[in-house]
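> starting from these lines, generate the structure:
(one chain, ligands or ions: 1)
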Amino acid sequence: MRFTKMHGAGNDYVYVDCFAQSMPDNPPELARVISDRHKGVGGDGLILICPSERADARMRMFNADGSEAEMCGNGIRCVAKYVYDHEIARKETLEIETGAGVLSVGVIVENGLVEQVRVNMGEPILESARIPTTLPGDPPVKAPLEVGGRTLDVTCVSMGNPHCITFVDEVNDEWVHGIGPQVEVHPAFPNRVNAEFIQIVSPSEMIMRVWERGSGETQACGTGACASAVAGVLNGLTERKVLCHLPGGDLTLEWAESGEVYMTGPAAEVFTGEWPGV
Ligand SMILES: N[C@H](CCC[C@H](N)C(=O)O)C(=O)O
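Alright, predicted model coming up:
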């Protein structure tokens, strides 16, 4: 099986072009094996780029633990880059089918290749039952969450996949690796949850680290950055347009007055290879 290794702000996945070859038989198991950074290719998970009956391509995303997620922000930027650069659809505005619906993606081309991508991520999902969470509020804002013997004030938002955002004075390992894994599996989140920790720099700038559902800490989380931008507005901490600094790079987010969230960021192809036995 041929694969392409790509990343969006350091959030790296193994991509498989299912236009050019058949779908893997067992994507969850392949995601678990191929994501291993010692015995596999290494990555935060597996993303399949598939034909679609209603869009230029369809994206299916699997975390490193094999769980399938509804949406991946850094992933869709790389899918758009792949689709354009490899001439599956040589269009500067692409339609990509995801578990969160068909999204419109604009590619910014330099020297014939996509470098930056702007995604209309659609409207955030704010109803607690659809996030889903059992916490009160539509959406939960400054909702109390008992974790690790302490009470967090959290804000919950879905971008098709669930996010639990905590604003802290300083984002550090105690939050990300100490609290993050407990939030991921907290019973308040029936489908588990991605746990973002945000340090506000100014009304237009934030620092984020994330413990992702199914992958642990990643260098960046596009949907998490979008959810955090929405949470910043809901908590009166940030403006509608915000620059988000992540360990792997920067993303620009805007929760437009129209309701949609726009995310702009990089996408990079690193190498290709052959994976035996699939
Ligand atoms: N771990 C996430 C999926 C990947 C999201 C992230 N890598 C992004 O860029 O949005 C989940 O299970 O919902």
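> got the residues of the chain near the ligand?
11, 61, 63, 69, 72-75, 161, 194, 212-215, 218, 221-224 (C-beta under 6 Å from any ligand atom). C-beta here means a position set from N, CA and C on the backbone, and glycine is covered the same way.
> ends of stretch 56-74, what's the gap?
End-to-end distance of stretch 56-74: 18 Å, with C-alpha to C-alpha, to the nearest Å as the criterion.
> report the distance from that stretch to the chain centre.
Remark: stretch 56-74 is offset 9 Å from the chain centroid, using C-alpha atoms, centre = their mean, to the nearest Å.
> now stretch 253-265
Using C-alpha atoms, centre = their mean, the offset of stretch 253-265 from its chain centre is 15 Å.
> pLDDT on it, on average?
Model confidence over stretch 253-265, given as mean pLDDT, is 98.
> quick one: P136 from V183, how far?
Counting by C-beta to C-beta, to the nearest Å, the gap from P136 to V183 is 17 Å.
> if you could redo that for C244, that was the one I meant.
Taking C-beta to C-beta as the measure, C244 falls 19 Å from V183.
> please export the C-alpha coordinates of stretch 259-272 as CSV.
Presented in CSV, the C-alpha positions along stretch 259-272 are these (Å, rounded to 0.1, in the frame of the first residue of the first chain):
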residue,chain,number,x,y,z
GLY,A,259,-21.9,32.0,12.2
GLU,A,260,-19.3,30.0,10.4
VAL,A,261,-15.8,29.4,11.7
TYR,A,262,-12.9,30.0,9.3
MET,A,263,-9.5,28.4,9.9
THR,A,264,-6.3,29.3,7.9
GLY,A,265,-3.1,27.4,8.3
PRO,A,266,-0.3,25.5,6.6
ALA,A,267,-0.2,22.0,5.0
ALA,A,268,2.9,20.1,4.1
GLU,A,269,3.8,16.9,2.3
VAL,A,270,6.9,15.3,4.0
PHE,A,271,7.5,11.9,2.2
THR,A,272,5.9,8.9,0.5
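> residue ranges of the helices in the stretch 151-278 of the chain, please?
173, 180-184, 222-234 (DSSP state H, counting those that start in this stretch).
> tell me the mean pLDDT for stretch 13-32?
Mean pLDDT, computed over stretch 13-32, is 97.
> buried ones in it?
Within stretch 13-32, the residues scored as buried using 16 or more other C-beta atoms under 10 Å are Y13, V14, Y15, V16, D17, C18, P24, P27, L30, A31, R32.
> return the member of those nearest to K91.
Ranked by distance to K91 (C-beta to C-beta), the buried residues of stretch 13-32 are led by D17 at 17.3 Å.
> of the helices of the stretch 151-278 of the chain, which stretch is the most buried?
helix 222-234 (a mean of 28; mean count of other C-beta atoms under 10 Å).
> what's near enough to touch S215?
S35, D44, G45, N63, A64, D65 (C-beta atoms under 8 Å, 6 or more residues apart in numbering).
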